[in-house]
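Chemist: Okay, sequence plus prediction incoming.
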Amino acid sequence: MIIKPRIRGFLCTSAHPEGCRADVAEQIAHVRGQGPIADGPKRVLIVGASGGYGLASRITAAFGCNASTVGVFFERPASGNRTASPGWYKSAAFAEAASEAGLYARSVNGDAFSAELKEQVADIIAADLGQVDLVVYSLAAPQRQLADGTIARSTLKPIGAPFAGSTIDLNTSEIKEIELEPATPEEVADTVTVMGGEDWQDWIRLLVDRGLLAEGCTTVNYTYLGSEVTWPIYFDGTIGQAKKDLERATAELRETMARVGGTAHLAVMKGLLTQASSAIPGMSLYLSLLFKVMKEEGTDEGCIEQVRRLFATRLFSTTGDGVDEEGRIRMDEFELAEATQARVKSRWDQVTEANLDELTDFAGYKDAFLKMHGFNFDSVDYEQEVDAYRPMELG
Ligand code: NAD
């Protein structure tokens, strides 16, 4: 079939397999171009391995450290006239590239919150790798089914007071006002249940108990602090409570990991366009402003640049640089640099539809949005018929 972007609101319901393959190839080329990472991990589990920071972690581990990887994700294969989800195509492309490079890569497609899937993954590690020396937890999920069958849903809402902000319509480039009522206490609690640290701890406990974490093993989770202008909806909102819970979980996991002489890290990453962040109200405006300023300053990075730098200069380097007073690894130092934020904030107050292209990089935001779904790659001919079915070995 011929596959074009189908955009509805902030969603794109189609994805292009060849463009997704081009995305993975570019990320691999970046990692290879930077050279091997000294003292990197050799056996890695990535939970949330098919998009954004998790996929970049899998690519960095495999192609920067020569690591065997087990990736867990929740993606949709193609069916009928529906394309697969971008993460499906990207994981299939990753598997092909890993196989060509002679690297072990196994993928499990299912609900990472479930006890059955955790046991399945533990069995795979036990049988194929023996142990792992890095566990990356990079899940961004809209909901979590609990053991008793009930479902907790994650919401993106302010706490205490309504939120009024602006967002940019992807189709029309109009700036639209948005208003959100504050979350109920139950919505706050549910968001922490889904996006907080509990499930990360469940994974690690199981792996430690089954003896599957190697001596000196590391685990890392990703968080975001962001700019003052996004705090009302992000860090002071429901998702921020979940992110604060990750700090609690990291402290507790440092004790758990000590049982194998290892440690737990929370890495504060830069704001970027991913499937998860595209759903955050008002983020399109902030990220468009940020991309413009950071590109002007020459400090802009994508997921792969961030994660490769995290592995090479922080996680597996012993200098201890880039760790803040709370013990978090800071990869957002360029985003939150005073001068960068001052420029973002001054433009934030001035931006209108008339000066959108001048003050922001909305064009870059839209390009990143389309690329995330495999569109807008120069190397792909989008007028060509393409097979939407991409088989992938799973389990
Ligand atoms: P993403 O949407 O690109 O990826 C989410 C991953 O989770 C995918 O692999 C998806 O398949 C998987 N997933 C979702 N539900 C699942 C389930 N039930 N079972 C198994 N897998 C499931 O998200 P992302 O932006 O890369 O986010 C990853 C982490 O990085 C999150 O903790 C996020 O808060 C954090 N982070 C993101 C940004 C940003 O700007 N995007 C910045 C800093 C930190």
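Modeler: Okay, I see it. Numbering: from 1, shown residues only.
Chemist: Between the two ends of stretch 138-154, how far is it?
Modeler: For stretch 138-154, the first-to-last residue distance is 16 Å (Cα to Cα, to the nearest Å).
Chemist: So for the residue of the chain found nearest the ligand, what's the nearest residue that isn't a sequence neighbour?
Modeler: Per Cβ to the nearest ligand atom, G52 is where the chain lies closest to the ligand, at 2.2 Å. Quick note: C-beta positions are derived from backbone N, CA and C, even for glycine. Among residues not flanking G52 along the chain, T274 sits closest, at 3.3 Å (Cβ to Cβ, 6 or more residues apart in numbering).
Chemist: my guess is the one you found is in a helix, correct?
Modeler: No. T274: not assigned to a helix; according to DSSP: H, G, I helix; E, B strand; the rest coil it is coil.
Chemist: So what does it have for phi and psi?
Modeler: T274 has phi and psi values of phi -140, psi 180 when expressed as degrees, to the nearest 10.
Chemist: Check it and give its pLDDT.
Modeler: Per-residue pLDDT puts T274 at 94.
Chemist: and what of R144?
Modeler: 98.
Chemist: tell me which element it falls in.
Modeler: strand 143-145 (DSSP states H and E).
Chemist: can you list contacts of the very next helix or strand once past that strand?
Modeler: Tracing the chain past strand 143-145, the next element assigned as helix or strand by DSSP H and E is strand 151-153. Residues outside strand 151-153 that contact it (Cβ atoms under 8 Å, 6 or more residues apart in numbering): P142, Q143, R144, Q145, L146, E187, D190, T191, T193, V194.
Chemist: 6 Å instead?
Modeler: Q143, R144, Q145, D190, T193, V194 (Cβ atoms under 6 Å, 6 or more residues apart in numbering).
Chemist: how about the strands of the stretch 1-150 of the chain, start to end?
Modeler: Using DSSP state E, counting those that start in this stretch, the strands of the stretch 1-150 of the chain run over residues 7-8, 11-12, 43-47, 68-73, 105-109, 132-137, 143-145.
Chemist: Report the distance from the second one to the chain centre.
Modeler: Read that as strand 11-12. 17 Å (Cα atoms, centre = their mean, to the nearest Å).
Chemist: and the gap between F334 and S57?
Modeler: F334 is 20 Å from S57, where distance means Cβ to Cβ, to the nearest Å.
Chemist: The two: which is more packed in?
Modeler: S57 (31 against 17; other Cβ atoms under 10 Å).
Chemist: separation between the more buried one and T250?
Modeler: For S57 relative to T250 (Cβ to Cβ), the value is 17 Å.
Chemist: and what of G216?
Modeler: G216 is 17 Å from T250, by Cβ to Cβ.
Chemist: okay, these two: which has more neighbours?
Modeler: Neighbours were counted for G216 and for T250 using other Cβ under 10 Å; T250 has more, 25 against 12.
Chemist: Am I right that the more buried one sits in a helix?
Modeler: Yes. The assignment for T250 by three-state DSSP puts it in a helix.
Chemist: Just read off the phi/psi values of the residue nearest to it when sequence neighbours are not counted.
Modeler: Counting by Cβ to Cβ, 6+ apart, T250 lies nearest to L266, which is 4.4 Å off, once chain neighbours are set aside. L266 adopts backbone torsions of phi -120, psi 120, taken as degrees, to the nearest 10.
Chemist: Around L266, how many other residues sit close by?
Modeler: 22.
Chemist: residues in contact with it?
Modeler: N221, T223, L246, T250, R328.
Chemist: Compute the inter-axis angle for the helix or strand the first one falls within and strand 132-137.
Modeler: Following DSSP H and E, one finds N221 within strand 213-223. Taking axes from the mean of the first three to the mean of the last three Cα atoms, to 10 degrees, one finds that strand 213-223 is oriented at 20 degrees with respect to strand 132-137.
Chemist: SS state for the residue lying farthest from the centre of the chain?
Modeler: Here the centre of the chain is the reference, and by Cα atoms, centre = their mean the most remote residue is A354, at 32.4 Å. Following three-state DSSP, the label given to A354 is coil.
Chemist: Can you name the residues that contact E186?
Modeler: Counting by Cβ under 6 Å, 6+ apart, E186 has no contacts.
Chemist: Roughly how far does it sit from G87?
Modeler: 30 Å.
Chemist: Just the element for the residue nearest to I329 when sequence neighbours are not counted, please.
Modeler: Distances taken as Cβ to Cβ, 6+ apart place A267 nearest to I329, at 4.2 Å, with adjacent residues excluded. Here A267, judged by DSSP H and E, is contained in strand 263-268.
Chemist: Moving C-terminal from that strand, which element do we reach first?
Modeler: helix 283-297.
Chemist: burial measure for I175, as a count.
Modeler: 18.
Chemist: For it, which residues count as its bridge partners?
Modeler: I168 (DSSP bridges).
Chemist: so who does it touch?
Modeler: S166, I168, E353.
Chemist: In contact with the second one, which residues?
Modeler: Translated: I168. I175, S284, L285, F362.
Chemist: so which of those residues would you say is closest to L117?
Modeler: S284 (32.9 Å; Cβ to Cβ).
Chemist: That closest one contacts T167, correct?
Modeler: Yes. Using Cβ atoms under 6 Å, S284 is in contact with T167, at 5.4 Å.
Chemist: between the two, which one's more packed in?
Modeler: Neighbour count, other Cβ under 10 Å: between S284 and T167, S284 has more, with 24 against 18.
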